[in-house]
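Enquirer: The sequence and its predicted three-dimensional model are supplied below.
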Amino acid sequence: MIDFVLQPTQEGELRRRALFWLPAPLPVLGLVYLLVGGTLSASGWTILLASSVGVGTLLLALIVQTTPLPEGLAPPASARRSLHRFRQFTGLRIALALVPVVIGAAASVAGGGMYPLFAALALAWPQLLLAMPTFFTITRARRAMEAWGTTAYLWHALSRPAKVTWPVVTPLVNSWRAWQAENARREQRRQEEEKAWKQAVREESERAEDGDASAAPAASEHTGPSSDGGRSGGEATDVIPHLDSEQGAGEEEPTEVLPHLGSGREVRPTRVLPHLGGAETGADAKEPGDGARGAGTGERSGTAEKSGTGGGEDGGSGPDTSSRTPRGTVNRARSLLEQGGGALGLAVRRTRRGVQSTRRPPANKP
């Protein structure tokens with residue numbers, strides 16, 4: 001019996017579908033019994049209604065057959081179409097058998113008794129048995145399909161292998177298993193992410209510990225005691241030898257005066273020449289004519305020509321002239337830099353006697 005029910009073929013799959021709905025009216029019967037309080041008698045019109053619906057569905061299940069197959073079909077196509085139409089015919093018979101059950105339950109509740117439901121069940125259960133793929137049912141359906149002359153390979157199609165499934169239970173079980181598998185994958189993914197996070201944290205902590213361990217020797221080299229006898233950091237540092245460490249603190253020697261400046265002589269500022277564009281200040285700010293007239297006076301003694309004879313009014317003009325010559329060049333360069341002039345090289349090369357001559361130099365010919 002179990003092999004007959006669990007047959008892994010297309011015929012067994014249709015048989016299991018009909019057998020699954022065979023006990024379906026029993027829960028409805030128990031629910032209606034609780035609603036009406038166990039009373040059997042009901043109104044006559046409710047019993048007539050349930051009975052008429054049951055008779056109508058039974059006649060439809062007996063009369064209605066499958067439609068004929070079109071002409072010119074190949075055997076594979078004929079087998080496929082015949083199987084599809086027989087499955088539709090079986091589903092139609094199961095639906096027709098369940099309709100009287102629903103109508104009979106409603107009539108029993110409305111009439112207040114169980115008789116309408118009993119009449120509907122008496123006409124519905126035979127229809128469920130007729131929906132099963134028996135030899136009589138299959139033979140009659142095959143003859144109906146071959147009405148137009150096309151051979152219906154229905155027996156061959158029903159003998160094809162199929163999975164052992166049930167109409168409502170199998171989809172629910174598949175959905176439950178898919179939900180469990182999805183939860184398992186999600187949990188596994190979460191565990192992998194948590195494991196990866198813990199591993200990353202562990203590696204980061206190990207890297208930080210390695211960095212601290214490598215930085216500790218370097219820090220000890222800088223902060224540890226030195227090898228100079230254990231002196232503390234607050235002690236004074238030795239003076240560099242070339243800075244005369246023998247001299248005591250606070251005993252600074254005076255800076256030596258340069259020889260060409262003279263230690264007892266007054267250093268006078270160099271006069272800014274007019275052709276350099278300098279500002280004339282004090283007693284040196286004279287017109288050009290006054291400079292020409294005062295050529296023999298003491299005001300031009302600081303800028304006397306280097307004749308080598310020392311003929312100025314101020315004695316010792318030789319060392320004074322030599323001391324003022326480089327300082328005047330520096331002052332002229334500084335004045336040019338302050339004025340923003342760009343011809344420093346040309347101005348420095350100019351002579352101190354005036355503007356450079358524009359006369360063409362004589363040609364050195366033999």
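Expert: The structure has been received and is ready for your questions. Numbering: from 1, shown residues only.
Enquirer: contacts, neighbours, all on C-alpha from now
Expert: OK.
Enquirer: Settle this for me: residue 141 is touching residue 86, isn't it.
Expert: Yes - using Cα atoms under 8 Å, residue 141 is in contact with residue 86, at 7.2 Å.
Enquirer: where do the contact lists of the two overlap?
Expert: residue 66 (Cα atoms under 8 Å, 6 or more residues apart in numbering).
Enquirer: buried residues in the helix or strand containing residue 19?
Expert: Secondary structure assigned from DSSP states H and E places residue 19 in helix 10-21. Across helix 10-21, burial judged by 16 or more other Cα atoms under 10 Å covers 10-19, 21.
Enquirer: who does that helix touch, helix- and strand-wise?
Expert: For helix 10-21, the packing partners by 3 or more Cα pairs under 8 Å, 6 or more residues apart in numbering; DSSP states H and E come out as helix 2-5, helix 75-111, helix 115-130, helix 154-158.
Enquirer: burial of residue 204, as a residue count?
Expert: Neighbour count of residue 204, defined by other Cα atoms under 10 Å: 12.
Enquirer: secondary structure element for it?
Expert: Residue 204 belongs to helix 169-223 when assigned by DSSP H and E.
Enquirer: quick one, that helix and helix 10-21 angle?
Expert: Per axes from the mean of the first three to the mean of the last three Cα atoms, to 10 degrees, the angle that helix 169-223 makes with helix 10-21 is 90 degrees.
Enquirer: Let's test this: mean pLDDT of helix 169-223, rounded?
Expert: Averaged over helix 169-223, pLDDT sits at 82.
Enquirer: ditto for stretch 359-366
Expert: Mean per-residue pLDDT for stretch 359-366: 70.
Enquirer: In that stretch, which residues are buried?
Expert: Residues of stretch 359-366 include none that count as buried (16+ other Cα under 10 Å).
Enquirer: Out of the helices and strands packed on helix 10-21, which one sits most buried?
Expert: Among the helices and strands packed on helix 10-21, ranked by average contacts under mean count of other Cα atoms under 10 Å, first place goes to helix 115-130 (a mean of 23).
Enquirer: what's the closest of the helices and strands packed on helix 10-21 to residue 187?
Expert: Closest to residue 187 of the helices and strands packed on helix 10-21, according to Cα to Cα: helix 2-5, at 38.7 Å.
Enquirer: helices or strands up against that closest one?
Expert: helix 10-21.
Enquirer: Could you rerun that using 6 Å?
Expert: Of the remaining helices and strands, none touches helix 2-5 by 3 or more Cα pairs under 6 Å, 6 or more residues apart in numbering; DSSP states H and E.
Enquirer: Other residues contacting it?
Expert: Residues from elsewhere that reach helix 2-5 (Cα atoms under 6 Å, 6 or more residues apart in numbering): none.
Enquirer: got TSV for the buried residues of helix 10-21, with distance to residue 148 too?
Expert: Shown next, in TSV, are the buried residues of helix 10-21 (distance: Cα to Cα, whole Å):
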residue	distance to residue 148
10	25
11	24
12	28
13	28
14	26
15	28
16	31
17	30
18	29
19	32
21	34
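Enquirer: Need the residues you listed in JSON lines (columns: pLDDT and distance to residue 105).
Expert: Putting the buried residues of helix 10-21 into JSON lines (pLDDT from 0 to 100; distance: Cα to Cα, whole Å) gives the following:
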{"residue": "10", "pLDDT": "87", "distance to residue 105": "33"}
{"residue": "11", "pLDDT": "87", "distance to residue 105": "32"}
{"residue": "12", "pLDDT": "86", "distance to residue 105": "31"}
{"residue": "13", "pLDDT": "88", "distance to residue 105": "29"}
{"residue": "14", "pLDDT": "89", "distance to residue 105": "27"}
{"residue": "15", "pLDDT": "89", "distance to residue 105": "26"}
{"residue": "16", "pLDDT": "89", "distance to residue 105": "25"}
{"residue": "17", "pLDDT": "89", "distance to residue 105": "23"}
{"residue": "18", "pLDDT": "88", "distance to residue 105": "21"}
{"residue": "19", "pLDDT": "89", "distance to residue 105": "21"}
{"residue": "21", "pLDDT": "90", "distance to residue 105": "16"}
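Enquirer: hmm, which helix or strand of this structure has the shakiest average pLDDT?
Expert: The helix or strand of the chain with the lowest confidence, counting by mean pLDDT, DSSP states H and E, is helix 288-293 at a mean of 42.
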